[in-house]
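Enquirer: pasting the sequence and the predicted coordinates here, then a few questions.
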2 protein chains.
Amino acid sequence: MSDLTSSLLTDLYAPIADDLCAAQRIFDDELQSDLPFVNEWCDRVRSYRGKMLRPALLLLAGKATGQLTKEHHTLAAVVEIVHMATLVHDDVLDEADERRRLPTICATAGNVAAVLVGDYLISHAFHLCSSLDSQYASRRIGAATNEVCEGELLQNRRSGDDQLSETEYFDIIRRKTGALTAACCELGAFSAGADDMTVRAMYDYGMLAGKAFQIVDDILDIVGDRRQVGKTLGVDLSLGKLTLPTIHCLAHADESTAVAIREIVRGEACCTQRRLREWIDETDSVDHAVSTARDHVLRAIRRLDAVPPGDARSSLIALAEFIIDRRF
Amino acid sequence: MSDLTSSLLTDLYAPIADDLCAAQRIFDDELQSDLPFVNEWCDRVRSYRGKMLRPALLLLAGKATGQLTKEHHTLAAVVEIVHMATLVHDDVLDEADERRRLPTICATAGNVAAVLVGDYLISHAFHLCSSLDSQYASRRIGAATNEVCEGELLQNRRSGDDQLSETEYFDIIRRKTGALTAACCELGAFSAGADDMTVRAMYDYGMLAGKAFQIVDDILDIVGDRRQVGKTLGVDLSLGKLTLPTIHCLAHADESTAVAIREIVRGEACCTQRRLREWIDETDSVDHAVSTARDHVLRAIRRLDAVPPGDARSSLIALAEFIIDRRF
């Protein structure tokens, strides 16, 4: 993360700075094991903590709609552990070598250890969640992780398929990314005692912001700077995954380019990031994807009309805008 | 499973036959997805359902110590889904091709799909568990799965290590197998309203029975009949995993055999199941492991003194005895 971005996020997170620290302490406490090497893995996982987007969304949603409590801190730690688990398993699935400029767990210790570390994190997330008085959050987070897994399964099922449509792409990202960010915002508001309408508005905000975040992630995979993004890039197409920019490019490129892209998706040809970048530039496909992400962000911000003005609400607006401006 | 074994288990499970059916219905309902191919994966997972040991332990422990309720049925489904998740991920870790005479998910659809199907199952297990009124079960199951993951991580960490001691082996199996069977019995009794002493006795019974079960599993990996066991065998040593029979063999074999075994564990040499079988026979290491398992079973049965006589208690005794007599 650049110093500039880091200081921007520090500003955005100012209304919840202490709460985020409290959540980090709970995160650290939960992952203590009597096995020293497990703690070493968890230290590595901790160093993947970047934008803390999900806990920040949960805490800001709570602060914007009511009073933050100890329950929010626990929930913020839970969603970050869930997110870390998905990162560790994603790196196995994507055969990624680098995350946040550090070697991934699968690259360091192999896929077997990475699968197990991911399982360990999922288990701890639910274990921590069950320390709360009410089952409500466990139920909602369980429902969200069910959807996240379905999204990943769907993406895997359709990998290598050169016919993936925009509608199908949106179905995948709604499940794999939107479901968890939506649950974060919903639970933040619910635990703050917000009324049903506000809770629903926060859910929608989280869903739209999450989908926008994923669209930008998919754009960065093509045009991002590896040093800035800090992870292996240019992998989606080689792994047979069509995303919004490449689906748009396929629909608007000339016949020979479309044939070449379809061959890459089907695993029949290789592709350099530079060549892909040229194709994408010719069809203005990044612009199309950015404008779609921006549209999601605007709709997300509009849902904040249900929330009274204040620091936390302003941060939620700025955070949504940051999602499309980010370079990492 | 042979017809003989199947009819034996039918007898043992007679006191909870209807409850086991109720648990299976909840299992099936929980795993319904709007994605047809996900349901197909879950059908495959369902066909791995074999002895239903964990739900049976939970239900028998409940019946033996009090009254079975709807909560028991849900919990029985939860522990079976957790167990299925561990099987699916285990098959990835062990590179296994066959389970219950069917191709494993990783063999059919690749490791990526198998990792995701396992995640989907874990998520659904916790989601289902959170439908209960109390958080107690979620907390205990979460604690057990934390331990299961630690056991698997420890086993993975020590794979290739030709110095693994019996003490370390027992630490691994206590976590990876004992923790969940102990939680099954503990929760069965707790939810039936048993007093603390009885709950503790059932926990001990489950822990001892679970460890015995794992010892026998490790014996069958060496001397089992693939057609009867229905899964890939002879993998432990080749994957660098020392287990009770091979640890005993190493300590009692002549120097040249010990050197050969250590080379296999370190991945420096290959081994046929037949050769391993000869070494193991020479040192009576299967007898040693069987007698250790039997000792665990006897201690488990002794803990049932805390439970009043009845059909369910008799089944728990017979089930513990079955664990060491089984051939699959």
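Expert: Okay, I see it. Predicted model only: the values in this text are computed from it and were never measured.

Enquirer: helix, strand, or coil at the residue in the stretch 201-328 of chain A positioned nearest to chain B?
Expert: Here the stretch 201-328 of chain A gets closest to chain B at one residue, A:Leu239, 9.5 Å apart by Cβ to the nearest Cβ. C-beta: built from backbone N, CA, C; applies to glycine. Put simply, A:Leu239 is coil when judged by DSSP: H, G, I helix; E, B strand; the rest coil.

Enquirer: so what's it up against?
Expert: A:94-95, A:159 (Cβ atoms under 8 Å, 6 or more residues apart in numbering or on different chains).

Enquirer: wait, isn't A:Leu242 in contact with A:Ala251?
Expert: No. Counting by Cβ atoms under 8 Å, A:Ala251 is not a contact partner of A:Leu242; they are 10.7 Å apart.

Enquirer: mind giving me the PyMOL command for buried ones among the contacts of A:Leu239?
Expert: To isolate in PyMOL the members of the contacts of A:Leu239 that are buried, counting by 16 or more other Cβ atoms under 10 Å in any protein chain shown, one can use:
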select buried, chain A and resi 94+159
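
Enquirer: phi, psi for A:Pro103 please.
Expert: For A:Pro103, the backbone dihedrals (degrees, to the nearest 10) come out as phi -60, psi 140.

Enquirer: where does the prediction get shaky in the stretch 151-300 of chain A?
Expert: Within the stretch 151-300 of chain A, the stretches with pLDDT under 70 are A:226-233.

Enquirer: recalculate using a threshold of 90.
Expert: The model of the stretch 151-300 of chain A has pLDDT under 90 over residues A:223-239, A:269-276.

Enquirer: quick one, what contacts the residue nearest the centre of chain A?
Expert: Residue closest to the average C-alpha location in chain A (Cα atoms, centre = their mean): A:Thr177, at 5.4 Å. Shown in contact with A:Thr177 (Cβ under 8 Å, 6+ apart): A:148, A:151, A:210-211, A:213-214, A:217.

Enquirer: out of those residues, which is most surrounded?
Expert: When neighbours are counted by other Cβ atoms under 10 Å in any protein chain shown, A:Gly210 leads the contacts of A:Thr177 with 28 neighbours.

Enquirer: correct me, but that one touches A:Ala182?
Expert: Yes. Applying Cβ under 8 Å, one finds A:Gly210 in contact with A:Ala182, separated by 6.3 Å.

Enquirer: can you pull the contacts of A:Thr65?
Expert: Residues near A:Thr65 by Cβ under 8 Å, 6+ apart: A:188-189, A:192, A:194, A:198-199, A:202, A:307.

Enquirer: which residue comes closest to it once chain neighbours are left out?
Expert: Leaving aside its chain neighbours, A:Thr65 sits nearest to A:Ala194 (3.9 Å; criterion: Cβ to Cβ, 6 or more residues apart in numbering or on different chains).

Enquirer: now do that neighbour against chain B, distance only.
Expert: To chain B, A:Ala194 is 21 Å away according to Cβ to the nearest Cβ, to the nearest Å.

Enquirer: what sits up against stretch A:90-106?
Expert: Here stretch A:90-106 makes contact (Cβ under 8 Å, 6+ apart) with A:41, A:44-45, A:47-48, A:50, A:87-88, A:107, A:111, A:113-115, A:117-118, A:152, A:156, A:226-227, A:230-232, A:235, A:239, B:111-112, B:115-116.

Enquirer: returning to what we had before: what about A:Leu242 and A:Ala251, which has more around it?
Expert: The neighbour comparison of A:Leu242 against A:Ala251 (other Cβ under 10 Å) goes to A:Leu242, with 30 against 13.

Enquirer: burial of A:Glu268, as a residue count?
Expert: By other Cβ under 10 Å, the residues close to A:Glu268 number 11.

Enquirer: could you do A:Arg44 as well?
Expert: For A:Arg44, using other Cβ under 10 Å, the count is 18.

Enquirer: find the nearest non-adjacent residue to it, please.
Expert: Excluding the flanking residues, the one nearest A:Arg44 by Cβ to Cβ, 6+ apart is A:Ile105, at 6.2 Å.

Enquirer: one more: A:Glu321?
Expert: Per Cβ to Cβ, 6+ apart, closest to A:Glu321 is A:Val297, 6.4 Å.

Enquirer: what's the answer for A:Gly234, then?
Expert: A:Gln273 (3.9 Å).

Enquirer: tell me, how many residues neighbour that neighbour?
Expert: 17.

Enquirer: thought it was touching A:Asp221?
Expert: No. Assessed by Cβ under 8 Å, A:Gln273 is found out of contact with A:Asp221, at 9.1 Å.
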